[in-house]
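J.: sequence unknown, structure follows:
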Ligand code: DC
């Protein structure tokens, strides 16, 4: 069997990581794992079970229930305990709480273990915050995406509007800025660029030109 080829994509929210990851996965025939969906899935579980109050997660109770949380990807569909929650995990309500849940070390250990299994025996494109630093420090290619916060806010706003979510660009920008801060300053696996990551400024590319550029890099490494 050919050795699995792991592509790790990290960067802040709404820099286009998932779009790039999906494009690469499709072109290469690899599965795509959106690790952010997993943190969002645990957050939705927390909200459904009343495990958050006044921005405080009831951590002990959550940890005692971790084994009851079953997450699964099926193509672009994401399942939480047998229910398709692909749309629900993108809500502003989940976005506003997810950084709190993602900062809990035991939640990270729980999800990182599952992410490692997904790339252990098969090639994969995985995107998130700590994929090149923690989940797959030996990934075959590591990419770190950046983009101007205003462009990121507009992208996310357009996505939410397409789903008929009532919000404003300013509200989305504030949420992004707050999450950037929480995600990069948390003690456990903060968002940092791996020393050997290739930095891509999404503002400089179209979706297709970025994908094609990365496909060239992948082809070089595969040969
Ligand atoms: O990529 P996203 O916006 O869907 O991610 C949701 C949240 O999950 C984000 O605020 C940070 C967290 N996250 C993380 O801590 N580590 C990852 N590998 C992926 C996401």
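T.: Structure's in. What do you need? Only a predicted model underlies this, so the values are computations on that prediction, with no experimental measurement involved.

J.: secondary structure element for the most centrally placed residue in the chain?
T.: Residue closest to the mean C-alpha point of the chain, counted by Cα atoms, centre = their mean, is residue 36 at 2.8 Å. Using DSSP states H and E, residue 36 falls within helix 35-48.

J.: ok, now residue 145?
T.: Using DSSP H and E, residue 145 falls in strand 141-146.

J.: could you point out the helix or strand that follows that strand?
T.: Per DSSP H and E, the first helix or strand lying C-terminal to strand 141-146 is helix 149-162.

J.: next, the angle strand 141-146 makes with that next one.
T.: Relative orientation of helix 149-162 versus strand 141-146 (axes from the mean of the first three to the mean of the last three Cα atoms, to 10 degrees): 90 degrees.

J.: return the residues of the chain in contact with the ligand.
T.: 13, 35-36, 39-40, 98-99, 102, 128-131, 179, 183 (Cβ under 6 Å from any ligand atom). (C-beta placed from N, C-alpha, C; glycine too.)

J.: now residue 37, nearest residue through space, not along the chain?
T.: Nearest residue to residue 37, sequence neighbours excluded (Cβ to Cβ, 6 or more residues apart in numbering): residue 78, at 4.9 Å.

J.: how close does the one you found sit to the ligand?
T.: Residue 78 is 11 Å from the ligand, where distance means Cβ to the nearest ligand atom, to the nearest Å.

J.: what packs against the helix or strand containing residue 125?
T.: Counting by DSSP H and E, the element that carries residue 125 is strand 124-128. Helices and strands touching strand 124-128, by 3 or more Cβ pairs under 8 Å, 6 or more residues apart in numbering; DSSP states H and E, are strand 6-11, helix 17-28, strand 32-34, helix 35-48, helix 105-118.

J.: that one pairs with which strands?
T.: Here strand 124-128 is paired, per DSSP bridges, with strand 6-11 (parallel), strand 32-34 (parallel).

J.: point out the most buried one among those.
T.: strand 6-11 (a mean of 27; mean count of other Cβ atoms under 10 Å).

J.: and the contacts of it?
T.: Applying Cβ atoms under 8 Å, 6 or more residues apart in numbering, the contact partners of strand 6-11 are 17, 20-21, 24, 30, 119, 123-133, 135-136, 138-147, 191, 193-194, 197, 214, 218.

J.: who are the contact partners of the spatially closest residue to residue 38 that is not a sequence neighbour?
T.: Leaving aside its chain neighbours, residue 38 sits nearest to residue 111 (4.9 Å; criterion: Cβ to Cβ, 6+ apart). Residue 111 sits next to 35, 38-39, 42 when contact means Cβ under 8 Å, 6+ apart.

J.: ok, back up a step: for residue 205, find the nearest of the helices and strands packed on strand 124-128.
T.: Counting by Cβ to Cβ, residue 205 lies closest to helix 17-28 out of the helices and strands packed on strand 124-128; the figure is 9.1 Å.

J.: what number of residues lie near the nearest residue to residue 207 once chain neighbours are set aside?
T.: Counting by Cβ to Cβ, 6+ apart, residue 207 lies nearest to residue 19, which is 5.7 Å off, once chain neighbours are set aside. Using other Cβ atoms under 10 Å, residue 19 has 17 neighbouring residues.

J.: from the ligand, how far off is residue 19?
T.: 11 Å.
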